[in-house]
Each structure stands twice: as C-alpha cells, then as structure tokens.
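A.B. asks: have a look at this prediction, sequence included:
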Amino acid sequence: MDRYHGEERLGGSRDTDDLSVLRHEERVDIGVERREGGQARMRRHVETERFEETVPLHHEELEVERRPITDPSQVLDPGHMEEDERTFTLYEERPVVSKEEVPVEEVHVRKRDVTREEHIEGELRKERIDFEDEDGLPPRGPDDAP
C-alpha cells in the first residue's frame, strides 16, 4: 500500500502509481502601447515695435550781408533806382521712411523620438507544490533510511 493517501486529494486514483499535477505561476510580459501624449502648436503673429533713429537733415537759408559803400566812385555800374523783385529757391531735406519686408530667419520644426527608462514594480503569483505524509512530515525518498 502507498505511503501517501493524498492522491485522491490531488486528482489521482489508488489504482495508478503515476500522478500528474500541473503547477502554475504567472509570468510578466511588459509591452508598450503608443498613445497620444499631447499636442504642440505653432502660431505666427505680427508685433509692432517702436524705433528711434537720428537722421541729419540739411536745409538752405538766405544769408544777407550788407556792406556800406564809402566811395560811390569805386562802384563800376551804379545802375539806377527802380523797383525789382528776385526769387530764391531754398531747398531742405525731409526724412523719408520706406519699409521692406525681408526674410531674416528660417525656423525648422521636426519631432524627435526620445527614449526614457521607467522602473516598474508588481507582484506575480505562482503555485508551490508540497507533499507530506499522514503525519504531516515531508515524504522520504527512496534513498532515505527509515
């Protein structure tokens, strides 16, 4: 007779000397999923900025110099008295501002893949199979002496 009566408990029968028992344990399989993590938006807008510049401007003015004649005999053409009018054109500079739109910078945008490591922890379950005799002791193998 068998020393172990636990066969019926383990699903075997008394008629067989062989018994198969499946032991289970959990394995971990860690994968990744791709999902949307956020969005980035680029906006262009126009700002107005004040500027100040000092520009030298020139203009013409009449300069009148009067010289008294002390000796009328020295004048080559004394002319004669009459009404007369002369016009002088005077020139001046004024600032002129012109604007030109020119490209000054190229902004290149691309996405890049960044890898980081994250430590994860969890629990796994596994079955353990133990044997004992009717006295609650571990069974003795064929090499164990009584």
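C.D. replies: Done, it's in.

A.B. asks: hey, let's count contacts and neighbours off CA atoms from now on
C.D. replies: Fine.

A.B. asks: quick one: the most centrally placed residue in the chain from residue 30, how far?
C.D. replies: Centroid-nearest residue in the chain, with CA atoms, centre = their mean: residue 40, separated by 8.0 Å. Look at residue 40 and residue 30: by CA to CA, to the nearest Å, they are 29 Å apart.

A.B. asks: ok so the residue nearest to the centre of the chain is a strand residue?
C.D. replies: No - applying DSSP: H, G, I helix; E, B strand; the rest coil, one finds residue 40 to be coil, outside a strand.

A.B. asks: may I have the predicted confidence score for it?
C.D. replies: Looking at residue 40, its pLDDT stands at 90.

A.B. asks: show me the contacts for it.
C.D. replies: With contact set as CA atoms under 8 Å, 6 or more residues apart in numbering, residue 40 has no partners.

A.B. asks: quick one: furthest residue from the center of the protein?
C.D. replies: residue 73 (93.0 Å).

A.B. asks: tell me the secondary structure for it?
C.D. replies: Relying on three-state DSSP, one would call residue 73 helix.

A.B. asks: below-threshold pLDDT in this structure: ranges please.
C.D. replies: Applying pLDDT under 70 to the chain picks out residues 1-16, 141-146.
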